[in-house]
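Participant: Below is the sequence, then the predicted model.
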Amino acid sequence: MKHPVDTIIDPGKCNGCGECVRVCPSRTIEMRGDRAVIVGKWSLGCGHCAAVCPTEAVTVGDLDSDALLLAACDDGTAAAAEFDIAGLVRLMKSRRSCRNYLDRPVPRALLEDLARIGTTAPSGTNCQLWTFTILPDRESVLALGEAVGDFFRRICRKAENPALRLLSKLSSGDPLGAFYRDHYEDVREGLRLRDEEGRDPLFHGAPSLILVGSRPGGSCPAEDALLASQNILLAAHSLGLGSCMIGFAVEAMKHDPSIGVLLKIPAGEGIHAVIAIGWPDEHYLAPAGRRRIEPRFFSPGVGEGRD
């Protein structure tokens with residue numbers, strides 16, 4: 001989601017390294033001379049810039065580093081003795097979406113292991129109907145990228161037509177209009193970067209992908225696939241790999257069955273997550289904050305005047 005930019009860069013602390021510019025997925029920051037400056041109006045609010053800054057020059061206003069502090073188990077004292085909850089929490093805090101990868105393949109055996117680790121997740125009614133499709137090299141990644149790009153080129157052409165946007169609003173709840181308002185400009189720019197500059201704004205240069213899906217018959221197939229995906233993300237991070245969930249690819253596959261045919265995915269199988277996997281070419285120095293939450297508690301009878 002886009003958020004109004006509330007990021008601040010202290011020019012007195014900025015050393016001009018440019019790392020914040022390199023990791024910003026929204027292109028909100030640029031180098032001006034020997035200092036980084038805010039140039040965009042919108043941000044993902046991911047906190048990558050603050051997490052990568054070696055001089056603590058960047059502050060993201062909506063994020064709170066204390067939001068990640070745990071009250072009962074951060075030091076491991078409340079956990080079962082055989083498990084290290086503190087280490088698990090550190091792993092979760094330090095994992096970030098990676099959008100810069102080295103030109104170095106991931107061994108197929110390692111990708112297979114990640115898929116197997118995904119199956120340690122719970123599944124609805126223990127159906128275990130998940131599927132894992134591995135694209136092990138850049139050639140296969142680029143083939144999927146071209147198919148996804150073709151889909152969004154078609155969607156952009158439709159969204160550019162006011163009559164089709166109006167028809168979409170009257171007949172289908174305005175999905176085409178929502179795309180035009182929220183994503184059209186970013187998608188067009190991504191297609192331009194791909195077509196004119198040979199860049200890979202979809203998969204960020206990742207050398208491999210893991211697609212997590214489900215066969216028909218599960219009680220909650222999307223949830224099952226996403227739980228397995230979280231296991232893969234954490235396992236990849238523990239192995240020194242970078243990862244990133246690619247929602248635009250999932251959306252394209254949902255609406256364009258020809259992409260599944262291209263990848264030889266059986267009919268009826270849904271893809272719920274596309275995960276970019278590779279060796280990261282970015283290194284974060286600290287966990288970024290999170291938006292603070294206020295958990296709700298419910299207890300029957302509380303506040304009703306009962307003894």
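Facilitator: Now that the structure is in, tell me what you want to look at. Numbering: from 1, shown residues only.

Participant: From now on I want contacts and neighbour counts done on CA atoms only, so please keep to that.
Facilitator: Fine.

Participant: Now do Arg95 against His283, distance only.
Facilitator: Arg95 sits at a distance of 11 Å from His283 (criterion: CA to CA, to the nearest Å).

Participant: ok, which stretches of the stretch 201-307 of the chain are helices?
Facilitator: With DSSP state H, counting those that start in this stretch, the ranges of helices along the stretch 201-307 of the chain come out as 221-238, 247-255, 257-262.

Participant: on that earlier part again, which one of Arg95 and His283 has more residues nearby?
Facilitator: Legend: neighbour count by other CA atoms under 10 Å for Arg95 and His283, higher for Arg95 (21 against 15).

Participant: residue contacts, the nearest residue to that one once chain neighbours are set aside?
Facilitator: Of all residues not flanking Arg95 in the chain, His237 sits nearest, at 6.2 Å (CA to CA, 6 or more residues apart in numbering). Listed by CA atoms under 8 Å, 6 or more residues apart in numbering, the contact set of His237 reads 91, 95, 243.

Participant: what do you get if the cut-off is 10 Å, keeping everything else the same?
Facilitator: His237 makes contact with 91-92, 94-97, 231, 243, 277, 279-280, according to CA atoms under 10 Å, 6 or more residues apart in numbering.

Participant: So Arg95 sits against Leu239, correct?
Facilitator: No: under the criterion of CA atoms under 10 Å, Arg95 lies out of contact with Leu239, with a separation of 11.2 Å.

Participant: so Thr125 touches Glu223, yeah?
Facilitator: No: shown here, Thr125 and Glu223 do not form a contact pair, counting by CA under 10 Å, at 12.0 Å.

Participant: What average pLDDT does stretch 26-41 get?
Facilitator: Taken as a whole, stretch 26-41 carries a mean pLDDT of 92.

Participant: who's in contact with it?
Facilitator: 2-24, 42-46, 49, 57-58, 186.

Participant: Which among those count as buried?
Facilitator: Buried members of the contacts of stretch 26-41, scored by 16 or more other CA atoms under 10 Å, are 5, 7, 9, 14, 16, 18-24, 42-46, 49, 57-58.

Participant: sorry, back to before: overlap of the contact sets of Arg95 and His283?
Facilitator: With CA under 10 Å, 6+ apart as the test, Arg95 and His283 both reach Gly242.

Participant: if we can go back for a sec, quick check: helices, which of the buried ones among the contacts of stretch 26-41 are part of them?
Facilitator: 19-23, 49 (DSSP state H).
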